[in-house]
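Student: Give me a model of this one.
(chains A and B)
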Amino acid sequence: MSNVTIRHVHKHYADFHAVKGVSLEIKDKEFVVLVGPSGCGKTTTLRMVAGLETISEGDIMIGNKIVNELPPMDRDIAMVFQNYALYPHMTVYDNMAFGLKMRKFDKAEIAKRVNNAADILDIKDHLMRKPRMLSGGQRQRVALGRAIVRNPQVFLFDEPLSNLDAKLRVQMRVELKKLHQRLATTSIYVTHDQVEAMTLGDRVVVMKDGLIQQVGEPFELYTNPANKYVAGFIGSPAMNFADTMIEEVGNAVYATNPTMRIRVPEQIAARMGPYKGKPATLGIRPEDLHMATGADPEDLSFDAVVEVGEQLGSEIILDLKAGGSTMVASVEPTVKVKPQQTIRLGINPAGLRFFDATTEMAI
Amino acid sequence: MATTEMSVPGGGIIVGKPKWRPLESEGNLAMLLLLPTIALLLMFIAYPFMRGILLAVTNSKVGVIGDFVGFENFARLLKDPIFHAVVYNTFLYTFVTTVFKLILGLWLALLLNRDFKFKAFTRAFILLPFIVPTVLACFAWKWMFDPTFSVLNWMLFKLGVVAAGAGVNWLGDGDLAMLSIMIVNIWRGVPFFAISLMAGLQTISPDLGEAAAIDGAKPLQRFWYITWPLLMPVTMVVVLFSVIQTFSDFQIVYVMTGGGPANATHLFATYAYQLGVGTGLLSQGAAVSLAMFPLLFGIVIFQLMYIRRVETR
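Tutor: Modelled structure (predicted):
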């Protein structure tokens, strides 16, 4: 069993509280992604699991062993670094074999494992080359190879794809996913790219300012963000927000501001009790907006002025102004609009979310 | 006769003619920029070198122009026991000090490369022996090595190692004098090694050490398998510089012992100076300093070849 347990872990630097009480249970064979902006504590957390940073407070367990005091080599982990961290003076073969040599494996076993890994990663032809003769993608494969030959309990990935160009990144992302399906090793993956997080993770951990914001399966984070931060971070383009006041008229609840008057769907309205007459933030994803037609009710649509339209072929991304706030809508690619044109946008009521204006927690 | 272009007034094709700008030609500019360097090299390196060769094959003395004598001066050196000692001394001096400078400098570099309080200040402080003018530092050392008034002997006395009035005769004994000038050379040379090697260490990504730690390498193994090979190109260059400097060292010996006692600490440069200027035998002095040339040349070629091999690895 190689589950990883992180329990109330803190990291204090001299003048900076980088990780403020992170607790996380990672199951055996699970692929967990830590995602968040730079400085959110995700890399520090990973490095504490690796043993490259000391733990100021709390416990980290790998398997059923508390590893707080163990040096990296005794934790049975392998790590893939952002800049590959290949040994420049060694051949690809020696890079992959180094960890096995240090652990006193016999030559035949080392050769077997390295060749096997090189087969999986398709770098067999480069085994006798030096890292500097390889492309970025090949180097990252070698770094992966160095990790998998050891057959560790846990893989740690520290933004392994961010030094690659966009196309290669997508390709390597798919390969990483295949690799995990094949090896089924517990993995912790750090990235600042929410697309990577969504596509790779069995579960995604969104972090900000040293705290976990939400843990969940990718689709759960997308559909039920716990707070405004997660709502805005997950999804591309990002969710739109508008400041509104909550009003009750008859038995219906409305969210209003000078440019919109939106009827709150019943299942959410039921939770709106304490917010009546108070402000709340309305959230709607660009893909839940469309060009309004006669079928769209008045209280599920609003006017907006087009600023820029970006034709992507499969959709058009419209940058709009609605009252004081900017909005983004994803509409049919056949829509014809001009800058400064006023259009009416319809809302898919299932996509409406509301957040407490002060705590920013989902309502 | 009119061509198509000329038949259209004002609408023809104009072929732009470049202005005469001689300095935009790379060849001309290169010559111009090289000129000062060539002049300086000729004046301060080529001429003295040729002059030295000319002196070495005559029998000039101070006030006597001298006649051509071929290799007589060199033949004399082969039979000169002091010169034999000079060759031995120089090689011993260079080898021992370089080894110690490398070991101590590397040790210091590894320490300075870590994170600690007052790091910048300490790094600057380490450079002090390198900044102090050598001659001044040597006078201070000479005083510290003084048999009667020296601080070293005072310490030894206070520690109970020597009896009162029986201090170590640092510069008066041949072997101890050699040891003393080696200590000064090491003291002066370590900062250069430390700072250069530290600069080399800083080009090695800390990720490599971390990757090796995760790979299971213990600290000594990390040094041996990762740091040392990656530092090798810098180390070789630093050692090369140091060997050239040390092999032709003059100031320390001249100030501290003057080559004595009984020629026990003479190096090439000091013996050449003593013969040529001290005694006035210009040609013999020139022959001594010229004899240094093929030896040093051989060492440098060997090291450069090694550096090339390390770098293209």
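Student: in the stretch 151-300 of chain A, what residue is nearest chain B?
Tutor: A:L156 (8.4 Å; Cβ to the nearest Cβ). For glycine as for every other residue, the C-beta is placed from the backbone atoms N, C-alpha and C.
Student: sec struct for that residue, please.
Tutor: Using DSSP: H, G, I helix; E, B strand; the rest coil, the structure places A:L156 in strand.
Student: how about the helices in the stretch 151-300 of chain B?
Tutor: Remark: helices assigned in the stretch 151-300 of chain B by DSSP state H, counting those that start in this stretch are B:151-158, B:174-202, B:206-214, B:219-222, B:228-247, B:251-256, B:268-273, B:282-311.
Student: Go through these and name the closest to chain A.
Tutor: helix B:206-214 (3.8 Å).
Student: which of the helices of the stretch 151-300 of chain B sits most buried?
Tutor: Of the helices of the stretch 151-300 of chain B, the one with the most neighbours on average (mean count of other Cβ atoms under 10 Å in any protein chain shown) is helix B:268-273, at a mean of 24.
Student: So what touches it?
Tutor: By Cβ atoms under 8 Å, 6 or more residues apart in numbering or on different chains, the surrounding residues in contact with helix B:268-273 are B:82-83, B:86-87, B:90, B:247-250, B:253-254, B:258-259, B:263, B:285-286, B:288-289, B:291-292.
Student: Enumerate every residue touching the nearest residue to A:E248 once chain neighbours are set aside.
Tutor: For A:E248, ignoring the flanking residues on the chain, the nearest one in space by Cβ to Cβ, 6 or more residues apart in numbering or on different chains is A:K276 at 5.1 Å. Listed by Cβ under 8 Å, 6+ apart, the contact set of A:K276 reads A:246-248, A:253.
Student: out of those, which one sits closest to B:M43?
Tutor: Distance to B:M43, by Cβ to Cβ, is smallest for A:I246 among the contacts of A:K276, at 89.6 Å.
Student: now the residue nearest to A:E248: how far from A:K112?
Tutor: To A:K112, A:K276 is 70 Å away according to Cβ to Cβ, to the nearest Å.
Student: Residues of the stretch 201-313 of chain B that sit close to chain A?
Tutor: Remark: the part of the stretch 201-313 of chain B in contact with chain A comprises B:205, B:207-208, B:210-218, B:221, B:225-226, B:229-230, B:313, using Cβ under 8 Å from any Cβ of the partner chain.
Student: Please repeat the previous calculation with a cut-off of 10 Å.
Tutor: Taking Cβ under 10 Å from any Cβ of the partner chain as the contact definition, the stretch 201-313 of chain B meets chain A at B:204-219, B:221-222, B:225-226, B:228-230, B:232-233, B:310, B:313.
Student: Low-confidence bits of chain B, can you list those?
Tutor: For chain B, the stretches flagged by pLDDT under 70 are B:1-11, B:165, B:311-313.
Student: the longest helix in it is where?
Tutor: Counting residues, the longest helix found in chain B (DSSP state H) is helix B:81-112.
Student: Tell me which helix or strand comes right after the host helix or strand of A:Y229.
Tutor: Element membership of A:Y229, judged by DSSP states H and E, is helix A:228-233. Sequence-wise, the next helix or strand downstream of helix A:228-233 (DSSP H and E) is strand A:240-249.
Student: Could you list every helix and strand that that next one packs against?
Tutor: When contacts are defined as 3 or more Cβ pairs under 10 Å, 6 or more residues apart in numbering or on different chains; DSSP states H and E, strand A:240-249 sits against helix A:228-233, strand A:252-257, strand A:260-263, strand A:279-284, strand A:316-322, strand A:325-331, strand A:353-356.
Student: Nearest approach to B:G298 belongs to which of the ones you listed?
Tutor: Among the helices and strands packed on strand A:240-249, the nearest to B:G298 by Cβ to Cβ is helix A:228-233 (66.4 Å).
Student: Could you pull up the mean pLDDT of the closest one?
Tutor: Per-region confidence: helix A:228-233 scores 93 on mean pLDDT.
Student: Show me what it packs onto, helices and strands only.
Tutor: In terms of contacts (3+ Cβ pairs under 10 Å, 6+ apart), helix A:228-233 is packed against helix A:194-200, strand A:203-208, strand A:211-216, helix A:218-223, strand A:240-249, strand A:279-284, strand A:353-356.
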